[in-house]
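Visitor: Structure for the following, please:
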Amino acid sequence: MDDSEKLLRAAFAAGAVTDAAALVPMLSPAMARIFWGLDDLDGKYRYAMGFGSALMAGWTSLLAWAYLKPRERRFVSILTIQVILGFVAVEILAVRKSVIKPAKMVPSWMMQAALTGLFALGYVRSG
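Guide: All right, here's what the predicted structure looks like:
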């Protein structure tokens, strides 16, 4: 395995671990309060998070699958960048609407920037 394939594999592993960790606040209202500072965790929130967590678990599996054959499945990195950018857009909207304080999002945005760079670099170098 060459360095470019190792980089792509690292991106898929980092993404899978990050997605799996993201399930914690999605499934636990107590952790959502700690991570995101959310207090309004009614039934509608839990219903929406149920859908979101199912998709997040599926994406975690997709990234683990791509990890097994990173070069052949490298396009998953482009799809993942699209998902990350979607998360960023939703988070920016939540901050603008004062749903979440900007300080709560800074760690997430830093992690998302690092992951986006890792996926992009892995994709480009493995092509």
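
Visitor: residue nearest the centroid of the protein?
Guide: Centroid check for the chain by CA atoms, centre = their mean gives residue 19 as the closest residue, at 5.0 Å.

Visitor: Can you read off the pLDDT for that residue?
Guide: Residue 19 carries a pLDDT score of 95 in this model.

Visitor: you'd agree it is up against residue 63?
Guide: Yes - here residue 19 lies in contact with residue 63, judged by CB atoms under 8 Å, at a distance of 6.5 Å. Heads up, the C-betas are built off the backbone N, CA and C, glycines and all.

Visitor: re earlier: so what's the residue nearest to the centre of the chain up against?
Guide: Contact criterion CB atoms under 8 Å, 6 or more residues apart in numbering gives 56, 57, 59, 60, 63 as the residues in contact with residue 19.

Visitor: Leaving aside the residues adjacent along the chain, what's closest to it?
Guide: Leaving out its chain neighbours, the residue that sits closest to residue 19 by CB to CB, 6 or more residues apart in numbering is residue 60, at 4.1 Å.

Visitor: Following the chain onward from the host helix or strand of the one you found, which element is next?
Guide: Applying DSSP states H and E as the criterion places residue 60 in helix 43-68. Note on helix 43-68: by DSSP H and E, the next helix or strand toward the C-terminus is helix 75-96.
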